[in-house]
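A.B. asks: Here is my input, please return the structure:
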Amino acid sequence: MKKKIVIIIIVLITTAILFLIIKNPDTENVFIDTKFNQIKNKDQQLKKVCKNNNLFNYIRKNSKDSLSNITDNQGGGNVLYYVASLNKREIGIYGIREKNNNIRITRITDYSKDQSK
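C.D. replies: Residues are numbered from 1 along each chain as shown. Alright, predicted model coming up:
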């Protein structure tokens, strides 16, 4: 009987820890960074989500750089919105959380004052 109780407690604790890891905002930032890295080197996908050609060209030019200063999710529910820096240029990343909890980037916008870089 004691073994069953110990096993149940271990399972509950493990489940709670996994839930906290998955729901942690920092974990979600890693997911959005990973998704961004996946599409930044795929021209067709990147063109589809970039708001304009200048931003598309900037991301391609800086494709070896990583996102930094990623904000917490500013969206709600299944809508995701982050602001991040790519080589000192602020970009907005919009996305959705799909049914399988996968994140899909739907739009990338530019928030820098000097968009000619």
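
A.B. asks: In the chain, what residue spans correspond to helices?
C.D. replies: Under the criterion DSSP state H, the chain contains helices at 2-23, 25-39, 43-49, 53-61.

A.B. asks: And those helices: which comes nearest N73?
C.D. replies: For those, proximity to N73 was assessed by C-beta to C-beta; helix 25-39 is nearest, at 5.9 Å. The C-beta positions use only the backbone N, C-alpha and C, and glycine is treated the same way.

A.B. asks: Flag the helix or strand of this protein with the lowest per-element mean pLDDT.
C.D. replies: When each helix and strand of the chain is scored by mean pLDDT, DSSP states H and E, helix 25-39 comes last, with a mean of 77.

A.B. asks: I'd like the distance between the most centrally placed residue in the chain and L12.
C.D. replies: Centroid-nearest residue in the chain: I32, 1.2 Å away (criterion: C-alpha atoms, centre = their mean). I32 sits 30 Å away from L12, going by C-beta to C-beta, to the nearest Å.

A.B. asks: and what of Y81?
C.D. replies: As judged by C-beta to C-beta, Y81 and L12 stand 34 Å apart.

A.B. asks: Who has more neighbours out of the two?
C.D. replies: It is Y81, of Y81 and L12, that has more neighbours when counted by other C-beta atoms under 10 Å, with 17 against 10.

A.B. asks: List the residues that contact that one.
C.D. replies: For Y81, the contact set (C-beta atoms under 8 Å, 6 or more residues apart in numbering) comprises N73, Q74, G75, G92, I93, Y94, G95.

A.B. asks: Let me know whether I32 touches G95 as I believe.
C.D. replies: Yes: counting by C-beta atoms under 8 Å, I32 does reach G95; the two are 6.9 Å apart.

A.B. asks: so who does the residue nearest to the centre of the chain touch?
C.D. replies: I32 sits next to L67, I70, L80, Y82, A84, I93, G95, I103, I105 when contact means C-beta under 8 Å, 6+ apart.

A.B. asks: ok, now which ones touch the first one?
C.D. replies: Which is L67. Per C-beta under 8 Å, 6+ apart, neighbours of L67: I32, D33, F36, A84, S85, L86.

A.B. asks: any idea how far the first one lies from I59?
C.D. replies: Counting by C-beta to C-beta, the separation of I32 from I59 is 14 Å.
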